[in-house]
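How does the following fold in three dimensions:
(one chain, ligands or ions: 1)
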Amino acid sequence: MKPFTTGCMRYDGENFTILDQTLLPHQETWLPCHTVNDLVVIIQRLAIRGAPAIGISASVLLGLLAKQGATQTALIEAADELRKARPTAVNLMNNIDQMKRAIIDGPLPDAVIAEAEKLLQEDIELCERMSTNGAALCQPGDKLLTHCNTGSLATAGLGTALGVISKAHQVHSNIFVWVDETRPLLQGGRLTAWECNNRHIPHKIICDNMAAMLMAKGDVSRIFVGSDRIAANGDFANKIGTYSLAVLAHYHKVPFYVVAPQTTVDPECASGDAIPIELRGEHEVKGVSGSFGECQWAPAQSEVFNPAFDVTPAKLVTGWVLDTGVFNQDDVKQPNWWLG
Ligand SMILES: CSC[C@H]1O[C@H](OP(=O)(O)O)[C@H](O)[C@@H]1O
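Model (predicted):
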C-alpha cells in the first residue's frame, strides 16, 4: 500500500496512525493502529469519527492486514468485526462490503490493497465535487451556519458540509460561519473551530441554543450540515441537534442543506424510520473529559439519555448536496435520485 496522509490518518509505508480527535484542539497525538481491536476501540471512543473517515480507516486496515499475509478467512472475520464498530454511519458498512468483495474475489493481497486505495482516492474526489456543488449555492458575504464536524477530520478529503464552506471561502468574498459547538462532545466547538482556524475561515463558536436567536435576527444566510446515513426518500440521520436546527430553519425560512457523498445514501433504508440510532454512554452528557480536563458536573445518581444522532425528515430539507449534483424535494421523490 502506497504511503498517504489525510487530515485524520496516515500511513508511512510501515505504520498506520490515526489522529486522536478526543484530544483536539489542544493536543495532536497520533495513535498507532495495528489490529482490528486497536481500530474498533479508536472508532468507538471517537478518536476517529465521521462517516467517511471511519469507513476509510477500516478499509485501510484491511488492506494492511492483507499486505501482512492474512488469510481470506482471517480477513473476512476482521471485516465483520470492523463492520459492527458503530451502527449509524452507513459508509462503514458500504466500505466493508466493497472490501469483502475484493477479499472473496482476490487475488490476495493485491486486490484488497487496490480496493482500499481506490476507496481512499474516491472519497478525496467526492469531497471536491460536493464542495464545488455546494459552494455554487453561496453568495459573497454569506453568514453560514454548520453543526458538528464535517471537514478533513471526518473524511479523507476537504470534507462534506465544511468542504462546501471551505470552497465557498475560496471562491466568494467575505464568507463567515457560525459554528455550533455541538453538545455533548463538542465536535463543532473543538474540531470545526480548529479546522476553520487552520483554513483561515472567519467564524464564531456558538452554543447550540443560540442558533434560533441568530436566525430570528436574520444573521444566518444558509445552513450546511453533514450526514451519517441518507434514506432513499431523502430523510437523513446526522449528529444530534440537526433536527432541531432544521425545524428552526424551516420556521425562519433559512435555506437548509445536507451535504454528503452518494456513498452515504442507503437504498435499503426506505425512510428515516429505518435508520439505527447509536446510543452512547451517560458520562458524555454528565461532564467533559479530554485534553481540556475531566469534570463530571451532573449528579451521579441522575440517569441520562444520549442518542448520538437524530433524523431530519426530507420535508425540512431545502437541498441535498451530493457529488452527483444538488437535488430538491421533487428530485428525491424519484427512484435512485442520488445517482444524478
Ligand atoms: C462527514 S460525516 C460527519 C458526521 O459524523 C458526525 O458524527 P460523529 O462525530 O459521531 O462521527 C456528525 O454526524 C457529522 O455530520
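
Going by C-alpha atoms from here, please, whenever you check contacts or count neighbours.
OK.

Near the ligand, which residues of the stretch 1-150 of the chain are found?
Where the stretch 1-150 of the chain comes near the ligand, counting by CA under 6 Å from any ligand atom, the residues are 49, 50, 51, 52, 148, 149, 150.

quick one: which two of those are the most distant?
Spatially, the most separated pair among these is 52 and 148, at 14.4 Å (CA to CA).

So those two - more neighbours on which side?
residue 52 (33 against 30; other CA atoms under 10 Å).

quick one on the thing from earlier: wait, which of the residues of the stretch 1-150 of the chain next to the ligand is closest to residue 33?
Nearest member of those to residue 33, counting by CA to CA, is residue 49, at 14.7 Å.

what residues are up against the closest one?
21, 43, 153, 154 (CA atoms under 8 Å, 6 or more residues apart in numbering).

quick one: which of the residues you listed sit in helices?
Within the contacts of residue 49, membership in helices is found for residue 43, as judged by DSSP state H.

Closest one to the ligand out of the contacts of residue 49, please.
The ligand has its nearest neighbour among those in residue 154, at 5.0 Å by CA to the nearest ligand atom.

For residue 129, see how far away the spatially closest residue to the closest one that is not a sequence neighbour is.
Among residues not flanking residue 154 along the chain, residue 50 sits closest, at 4.0 Å (CA to CA, 6 or more residues apart in numbering). To residue 129, residue 50 is 18 Å away according to CA to CA, to the nearest Å.

so residue 12 touches residue 3, yeah?
Yes. Using CA atoms under 8 Å, residue 12 makes contact with residue 3 at a distance of 4.8 Å.

what residues does stretch 137-144 touch?
Taking CA under 8 Å, 6+ apart as the rule, stretch 137-144 contacts 165, 168, 172-178, 219-224.

ok, 7 Å please
Contact with stretch 137-144 is made by 168, 172-178, 219-223, as judged by CA atoms under 7 Å, 6 or more residues apart in numbering.

Those in strands, which ones?
Secondary structure from DSSP state E places 176, 177, 178, 222, 223 of the contacts of stretch 137-144 in strands.

Now for the fourth one: which residues touch it?
In other words, residue 222. Residue 222 neighbours (CA under 7 Å, 6+ apart): 144, 145, 254, 255, 256.

shouldn't the third one be in contact with residue 218?
No. Using CA atoms under 7 Å, residue 254 is not in contact with residue 218; the gap is 8.7 Å.

Which residue ranges make up the domains of the chain?
4-127, 136-339 (automatic domain parsing).

Any chance of those domains in CSV with mean pLDDT as columns?
Formatted as CSV, the domains of the chain follow (pLDDT from 0 to 100):
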stretch, mean pLDDT
domain 4-127, 98
domain 136-339, 97
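
Give me the neighbour count for residue 6.
Applying other CA under 10 Å, we find 18 residues neighbouring residue 6.

can you list the contacts of stretch 137-144 in TSV and add distance to residue 16?
Output for the contacts of stretch 137-144, formatted as TSV (distance: CA to CA, whole Å):
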residue	distance to residue 16
168	32
172	37
173	39
174	39
175	36
176	35
177	33
178	34
219	43
220	40
221	41
222	38
223	35
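
and the one helix or strand residue 170 maps to, C-alpha only, in PDB?
For residue 170, the element it lies in under DSSP states H and E is helix 161-171. Extracted C-alpha coordinates of helix 161-171, given in PDB (Å, rounded to 0.1, in the frame of the first residue of the first chain):
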ATOM      1  CA  ALA A 161     -20.500  20.500   4.800                       C
ATOM      2  CA  LEU A 162     -17.200  22.100   5.900                       C
ATOM      3  CA  GLY A 163     -15.800  21.300   2.500                       C
ATOM      4  CA  VAL A 164     -18.600  23.400   1.000                       C
ATOM      5  CA  ILE A 165     -17.900  26.200   3.500                       C
ATOM      6  CA  SER A 166     -14.200  26.000   2.700                       C
ATOM      7  CA  LYS A 167     -14.700  26.100  -1.000                       C
ATOM      8  CA  ALA A 168     -17.200  29.000  -0.600                       C
ATOM      9  CA  HIS A 169     -14.500  30.800   1.400                       C
ATOM     10  CA  GLN A 170     -12.100  30.200  -1.500                       C
ATOM     11  CA  VAL A 171     -14.400  31.400  -4.300                       C
END
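
Now do the buried residues in it.
Of all the residues in helix 161-171, those buried under the rule 16 or more other CA atoms under 10 Å are 161, 162, 163, 164, 165, 166, 167, 168, 169, 171.

which ones are touching the residue most central in space within the chain?
Nearest residue to the geometric centre of the chain (CA atoms, centre = their mean): residue 50, 3.0 Å. Contact partners of residue 50, counting by CA under 7 Å, 6+ apart, are 150, 154, 155.

what helix or strand does residue 41 sit in?
Counting by DSSP H and E, residue 41 is found in helix 36-44.

Got the phi and psi for the residue nearest to the centre of the chain?
phi 100, psi 130 (degrees, to the nearest 10).

still on that earlier bit, top of the contacts of stretch 137-144 by number of neighbours, please.
Going by other CA under 10 Å, residue 168 tops the contacts of stretch 137-144 with 27 neighbours.
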